[in-house]
Every structure is written in structure tokens, then in C-alpha cells.
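>>> Sequence first, predicted coordinates after that:
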Amino acid sequence: MIIAVSVLAGLGLVAGFGLALAARFFAVETDPRQEKVLDALPGANCGGCGFAGCSDFAAAVVKGLAPPNGCPVGGMETTFKIAEIMGMSADASAHVAKMALVLCQGTDDVAPVKFLYNGSATCASAAQLAGGQKLCSYGCLGFGDCQRACPFGAIEITEGGVARVIRQRCTGCGNCVEACPKNLIRLVPVTARVHILCSNKDKGAAARKACQVACIACRKCQKVAGEEHIEMDGFLARIKYDDPPSDPALAGECPTGAIRAISLDGSPIPIPATKEDAAASASGGGE
Ligand code: SF4
Ligand code: SF4
């Protein structure tokens, strides 16, 4: 019995010594700044930086493979903290906060369906069947693939069956952008005030038949705002988000209501945004 215990203790000692030696010889040197960068990150592990998680992003930063402003969730404060750890100067203008925006307003009351879909309740599955149940082949299918992809609970499906981003929760991680099979979601600068909430590229009459609030390519917005702010993509007007129009009154120029004045960062928009909003304000309505 004593011999067995002694042998086991001896084996334990030898194994422990071996492990200690292995740990010493095979130890991987980590840059001490990596831990500090990791501490500075919000720890969301959402992948919005393009890496598998916060640890991978921190490792990439210290190796010079990712920039200090690469975490969309942390915002400016995190950028400055990481830049300080890395001994770099952070340009405030390099971090333009972005937020997700669903470029579709095709709720059930304005965008009819072309057939009843009874298949698997995901947008990806519905899109496989003739582009989905909506007459508008560009519109939101409303099965919430984007909602399930959002790690921050920042997307809801409205009663009208269209996805909507809850701006107070969105961190701009971009997971929803990848998840939408109709490519309806864009990350846009939070400072932009005017948005075209439509993705339909069909000619005017066809677009209007498919959705009452579709862009009909009348180009009125482009004439008012200028080609430097709004471009045409086929029969669809698109905001140039690198230099977006600043006047929220532009929304009132759109005959279909495809353009909306929306404050993504919560700052007030001083004037009524659309003809409907103006009427609602005059009658004491609004949000
Ligand atoms: S709405 Fe999109 S961008 Fe915003 S937090 Fe959710 S997944 Fe990320
Ligand atoms: S925005 Fe895209 S992913 Fe989200 S519910 Fe609509 S179609 Fe589905």
C-alpha cells in the first residue's frame, strides 16, 4: 500500500515537473497591450468588427491588423482608449457612428401580396419562392431573419409586417445587413437626416402598383437636392451617404412618401418632415 502511494506520488511529481517544463518551453508570448485593449472593448462579442469576437479583435489590433476604430459597438470612447493603449493618435473624424436602417416601408396596408406563403417562416426560405410573397419583389418579407441575427434586440417586426430598427438599441454591428436576403438593410451615418426608405428598382408604374410608398423615379428629390446628394440606381433614387442631403424638408417633395426625415441619433428635426407629418402636426398629431 505504502509502495503504491509512493509510486503514484512519484509519478505525479514527474508529470507535474514535465508540465511545468512544457509550459515554459511552449509558452506563447502575448503582447501585454492585448489584455488592455480587450478590457477597453465593450465585450459584446457580436463580430461587428469582422473578427470572431472581442479577443480576436484585440489580438488583431496589437498586431496592427485592425484599426483602433474597428469596434462599431464601442464608439468614439473605445476608439480613443485603444488609440491611447497603442500609443497612436485617434482622429475623431475617423469614427463616424453608423446605424442600421431598413430601406422599405412596405407594410401590409400599402404593399399587397401576390400569393399566400405557408412555407418555413424565414425570409431566406420565402425569398427562394419567386422572390417572396410580396408583389414588390424588393420588399421586406417580415419573417425576421434580421431580428434573429441582431445580438442587441434592436430589430422588431411591426404590426404591418416590416422590420424596423430600434435606434436606441442599435450599435451598428451590421449583423442584420448580412442576414437580410433582400439586401434591404444599410448601415448609414447617424448624422444623416433624410432617407429614401425604398429599394424597388422597377419603373414608376410597376413600382407604385407593387407598393404605394415606393420610389417612382420621378427624380424630383434629385432636382431639389442636387446630384451630389442623390443618385439614381436604375429607377430608384438613393441617398449618397458620403454626402447626404441636409434639409429634412426634402421629404415633403416626394409624391409617394418614400423619403422620410429621420433622426437616427435622437437630435430634434426642426420642421415637419412630410406632407402627412405637417398635417398631423397642424392637427396636434404626430409621434
Ligand atoms: S440592428 Fe443590425 S446593426 Fe444594429 S445592433 Fe442589431 S444587428 Fe447590429
Ligand atoms: S429586412 Fe430583410 S431579413 Fe429583415 S424581415 Fe425584412 S426581408 Fe427579412
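That came through, no problem. All values reported here derive from a predicted model rather than from experimental measurement. Numbers count the residues shown, from 1 in each chain. Ligands and ions are numbered 1, 2, ... in the order given.
>>> Show me what residue of the stretch 1-150 of the chain gets nearest to ligand 1.
Closest to ligand 1 within the stretch 1-150 of the chain is Cys150: 3.1 Å, counting by CB to the nearest ligand atom. For glycine as for every other residue, the C-beta is placed from the backbone atoms N, C-alpha and C.
>>> Can you name the residues that contact that residue?
Contact analysis of Cys150 by CB atoms under 8 Å, 6 or more residues apart in numbering lists 173, 175-176.
>>> what does Phe115 give?
130, 133.
>>> and what of Val177?
100, 185-187.
>>> Go through stretch 30-39 and flag the buried ones.
34, 36-38 (16 or more other CB atoms under 10 Å).
>>> Among those residues, which one sits closest to Gly144?
Closest approach between these and Gly144, by CB to CB: Leu38, at 32.2 Å.
>>> Just to be sure, that closest one is in a strand?
No - applying DSSP: H, G, I helix; E, B strand; the rest coil, one finds Leu38 to be helix, outside a strand.
>>> Any figure for the gap between it and Phe51?
12 Å (CB to CB, to the nearest Å).
>>> And for Asn45?
10 Å.
>>> With Ile155 instead?
23 Å.
>>> Would you mind telling me which of these two has more residues around it?
Neighbour count, other CB atoms under 10 Å: between Ile155 and Phe51, Ile155 has more, with 25 against 19.
>>> Which strand residues bridge that one?
Val165 (DSSP bridges).
>>> quick one on the thing from earlier: need the phi and psi values for the residue of the stretch 1-150 of the chain closest to ligand 1.
Reported as degrees, to the nearest 10, the phi and psi values for Cys150 are phi -80, psi 120.
>>> what sits up against stretch 225-236?
194, 196, 198-204, 207, 215-217, 219, 221-222, 237-240, 243-245, 247, 250.
>>> Give me the buried positions along that stretch.
Quick answer for stretch 225-236 (16+ other CB under 10 Å): 225, 229-230, 235-236.
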